[in-house]
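Q: Here is a sequence with its predicted model. Questions after.
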Amino acid sequence: MNKHKGGSFDAFLEEEGILEEVSAKAHKRLISLQLSDIMKQSGITKVNLAKRLQTSRSQLDRILDPENTTISLESLERVAHAVGKKLHIEIA
């Protein structure tokens, strides 16, 4: 038995008061990576996707930015639809 075993990483982040922030960034990074993969597989460029969304390329860059966690559910839904996918959100 290891006497130096600590708590979970989530417990550490919660103690530090940054669990929600770190979790939001991780989720946004995952969404950004998924969208990038879908775009590559489908041959969709940023310019093309911006046109589909009727928005500017710079606005699309903010949506795809893994560090930007302020994206709305409506925006995520629009992007998912524009790449031919459905948005699925789950609280576990």
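A: It's in.
Q: all helices for this structure, in order.
A: With helices called from DSSP state H, the chain shows them at 9-16, 19-42, 46-53, 57-64, 73-82.
Q: Need those in TSV (columns: mean pLDDT).
A: Shown next, in TSV, are these (pLDDT from 0 to 100):
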stretch	mean pLDDT
helix 9-16	88
helix 19-42	94
helix 46-53	96
helix 57-64	93
helix 73-82	95
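Q: Take those and write them to a markdown table, including distance to residue 88.
A: Where C-beta positions appear, they are placed from N, C-alpha and C, glycine not excepted. Compiled in a markdown table, the helices of the chain are given as follows (distance: least, C-beta to C-beta, whole Å):
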| stretch | distance to residue 88 |
| --- | --- |
| helix 9-16 | 23 |
| helix 19-42 | 11 |
| helix 46-53 | 19 |
| helix 57-64 | 18 |
| helix 73-82 | 9 |
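Q: tell me the pLDDT at the closest residue in space to residue 12 that isn't next to it in sequence?
A: Nearest residue to residue 12, sequence neighbours excluded (C-beta to C-beta, 6 or more residues apart in numbering): residue 6, at 7.4 Å. In this model, residue 6 is scored at 70, pLDDT.
Q: tally of neighbours for residue 6?
A: Residue 6 is flanked by 8 other residues according to other C-beta atoms under 10 Å.
Q: So it versus residue 70, what's the distance?
A: According to C-beta to C-beta, to the nearest Å, residue 6 stands 33 Å off from residue 70.
Q: Kindly report the same for residue 19.
A: Distance of residue 19 to residue 70, given as C-beta to C-beta: 18 Å.
Q: can you check residue 18 too?
A: Using C-beta to C-beta, residue 18 is found at 17 Å from residue 70.
Q: More neighbours: which of those two?
A: Between residue 18 and residue 70, residue 18 has the larger neighbour count (other C-beta under 10 Å), namely 12 against 9.
Q: ok, and the closest non-adjacent residue to the most centrally placed residue in the chain?
A: By C-alpha atoms, centre = their mean, the chain has its centre lying nearest to residue 28, at 2.2 Å. In space, and not counting its chain neighbours, residue 28 is closest to residue 69: 4.8 Å by C-beta to C-beta, 6+ apart.
Q: That neighbour and residue 62, how far apart?
A: From residue 69 over to residue 62 the distance is 11 Å, taken as C-beta to C-beta.
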